[in-house]
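[1] just the structure for this:
(chains A and B)
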Amino acid sequence: MLRFIFIRLGQAIPILLAIYTITFFMVRAAPGGPFSQERKVAPHIIEQQMEYYGFNDPIHVQFFRTLWQHITFDFPPLTSYPGLTSKDIIADTFPVSLQLGLLAMIVALSISLPIGILAAARKNTVLDYAPMSMAMVGICLPTFVIGPLLALLFGVWLGWLNISGWFSVYDRILPACTLGLFYAAYIARLTRGGMLETLNMDYIRSARAKGASERRVVLVHALRGGIMPVVSFFGPALAGLISGSFVVETIFQVPGLGRHFIQAALSRDHSLILSTVLFYAALIIVANMIVDIVQILLNPKLRYQ
Amino acid sequence: MNVQSMANEAQIRSPWRDAWTKLGKNKLAMFGLGFFVAMVVLCYTSPLFYPHSPTHQTLSFGATPPLTMGIELRYDGESEEPDEIITPKEFGDVYAAEAAQEIAKLGNGEILDIDGLDFRESSRTHILGTDSHGRDLLARIFQGGRISLGVGFIATFVSLLIGVFYGAISGYVGGKIDAFLMRVVDVLYALPFLIFVILLMVVFEGSDHQLLLIFLAIGAVEWLTMARIVRGQVVNLKNQDFVEAARATGVRTPTIILRHITPNILGPVIVYSTLLVPAVMLLESTLSFLGLGVQPPNASWGTLIKKGAEKMMVYPWLLVVPASFFSITLFSMNFLGDGLRDALDVKSSRD
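    This next block holds a predicted model:
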């Protein structure tokens, strides 16, 4: 197991290096620099800024300097937030995004797992068709449609919740539900599929034959195998959760990292763009590794591969 | 029924015909197919018959709710052309409630005369209302649909080309190259692509070919699953007896690929392409919603929903109407894809 982790971490290094290189040259190729503004600024001021942030150095010097800064976690000051570094921004805003993501996952799992299991256990009955049609609706209603509609219903028409902001506990409800509902729909379908496949297996028949109660067969014997598609979905889900949080943070004015990333991209803050992309990539690589480890723990067959 | 006629019947039913029959029995899938075809036809032919232009602004008709009827006003009752077209709200601001009730009951061609001013129902009716610049919302939705659907088709086609090519090579060549190519796909799979698409859109912001770039960027992102599916199919097929037989009788490789492999991967490719179109439309709309996709004066369903979400407190229909069009279209495509999967699935067919 330890060897597996080391191999995966070793593979991560060239991936991160490639991502760094692509991103570095992509932001350099973008028109407009970090100091171009609507108003005309005196050339000597821009020159001073360019010199201070090191944009006048040859490109290969910048490339390796920035790379070294990321390896040693010694970040340069940002152009869009003078005096702060990417570390400050990420440390400040990522906990917000993380909280949003975790709440959304709790919403998603607590809705979808019971629905999916029930639908599989009562296959081809109303308890299967009705929730699964709802799940289909949920998949076709993207975050940026559900979000404003929920805000319209609960914020404007009913007046129960604030439509934007991130201050009280109640302000967490709408963003977390918006982000969670999409995944609830998806996970419910995955759970149903996984459970159905497992319930048809021989060992389930054996369990029934030896007299295990139906509840025990479904919740203990079948669930362990049936949950596998959901576990392997968590890797891609995290990538989706990050993308989804861009939209949800924009809709509900949540001060998370996603909104800062888009702002950084729009204001051409090279350093912040690079750090955020690398941060997200590292996060996803680690999450995928954890998913793989959990899968191996759940499924002994994979242990020897 | 004797054995001979059964054999005849089995001969007539080709797998494609079989699948089509199966699909015809799936009501949801047929609804999906019908709705989607209708949507595509409406969006692309609407300029020919729909009276309102998506870009024509009438400021006095700004943000009128759905089913707003226009009222023609003639100062003397004689002239052919109306002197003004006003909204019921403007009418109600000037005249009492009884007059407003009467005007609402006006039939086609009937005239209401108030103090020598001549009012009648206008042909100018906005079924789904107008946006804040007085542009007809349905015309805007048709225009946005042309772009959203267009992005969906073209980007799907791009990812189809890349994915099939990549997957087929990987599967057919096999060995170390296959392992390497698929490892690349695994790695790419795990990355948050929206980040790269956002960067791409920022890099090429404001260029003339932005729409083309959206097609390419999305197509370049969405080919991974296609590559995996095609590779899996090809690996399965190339070891099957009928391919071996063809090779043994001296059929050349290009012919084997064309005759024996291609028809057999067509099913999954069709199913996945059908499901890819809504996925691509979703991605494009997400970008547009974040302000990074289609730029004005062009509009896609994503930008319409964005505009609607900004003004939903005052003009809720500007959000609800485009969002419904978008969601039902995604719905119909997904139902069609699911239905096709059931109809074409090799596993569930009789064998």
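
[2] need the residues of the stretch 251-351 of chain B near chain A, please.
    Taking Cβ under 8 Å from any Cβ of the partner chain as the contact definition, the stretch 251-351 of chain B meets chain A at B:278, B:282, B:285-286, B:289-290, B:292, B:302, B:305-306, B:308-309, B:312-313, B:316, B:319-320, B:323, B:326-328, B:330-331, B:334-335. Heads up, the C-betas are built off the backbone N, CA and C, glycines and all.

[3] give me the buried subset of the residues you listed.
    Buried members of those, counted by 16 or more other Cβ atoms under 10 Å in any protein chain shown: B:278, B:282, B:285-286, B:289-290, B:292, B:302, B:305-306, B:308-309, B:312, B:316, B:319-320, B:323, B:326-327, B:330-331, B:334-335.

[4] where's B:Ile71, which helix or strand?
    According to DSSP states H and E, B:Ile71 maps onto strand B:68-74.

[5] which residues touch the residue of the stretch 151-300 of chain A found nearest chain B?
    Closest residue of the stretch 151-300 of chain A to chain B, Cβ to the nearest Cβ: A:Ser243 (3.8 Å). By Cβ atoms under 8 Å, 6 or more residues apart in numbering or on different chains, the contact set of A:Ser243 is B:Pro192, B:Phe193, B:Leu194, B:Ile195, B:Thr286.

[6] any idea how far it lies from B:Leu282?
    According to Cβ to Cβ, to the nearest Å, A:Ser243 and B:Leu282 sit 11 Å apart.

[7] element containing the residue of the stretch 151-300 of chain A closest to chain B, please.
    helix A:228-251.

[8] now that helix: buried residues?
    Residues A:228-251 are the ones in helix A:228-251 that count as buried (16+ other Cβ under 10 Å).

[9] next: stretch A:285-300.
    Neighbour-count burial for stretch A:285-300 flags A:Ile285, A:Ala287, A:Asn288, A:Met289, A:Val291, A:Asp292, A:Ile296 (criterion: 16+ other Cβ under 10 Å).

[10] what of stretch A:123-132?
    For stretch A:123-132, by 16+ other Cβ under 10 Å, it's A:Asp128, A:Pro131, A:Met132.

[11] tell me which element the residue nearest to the second one when sequence neighbours are not counted is part of?
    This means A:Pro131. Nearest residue to A:Pro131, sequence neighbours excluded (Cβ to Cβ, 6 or more residues apart in numbering or on different chains): A:Ile115, at 4.6 Å. Secondary structure from DSSP H and E places A:Ile115 in helix A:86-121.

[12] can you report how many residues neighbour B:Gly250?
    7 (other Cβ atoms under 10 Å in any protein chain shown).

[13] on the three-state scheme, it is what?
    coil (DSSP: H, G, I helix; E, B strand; the rest coil).

[14] quick check: it vs chain A, distance?
    Taking Cβ to the nearest Cβ, to the nearest Å as the measure, B:Gly250 falls 39 Å from chain A.

[15] now check stretch A:150-158, is it near chain B?
    Yes - Stretch A:150-158 is in contact with chain B by Cβ under 8 Å from any Cβ, via A:Ala151, A:Leu152, A:Val156.

[16] hang on, the earlier thing: what pLDDT does the residue of the stretch 151-300 of chain A closest to chain B get?
    A:Ser243 carries a pLDDT value of 71.

[17] about what we covered before: among the buried residues of stretch A:123-132, which are located in helices?
    Judged by DSSP state H, the buried residues of stretch A:123-132 include A:Asp128, A:Pro131, A:Met132 as members of helices.

[18] from memory the first one sits against A:Ala119, does it?
    Yes - between A:Asp128 and A:Ala119 there is a contact at 4.3 Å, judged by Cβ atoms under 8 Å.

[19] just the buried ones among the residues of the stretch 251-351 of chain B next to chain A: which are in helices?
    Short answer: those in helices (DSSP H) are B:278, B:282, B:285-286, B:289, B:302, B:305-306, B:308-309, B:319-320, B:323, B:326-327, B:330-331, B:334-335.
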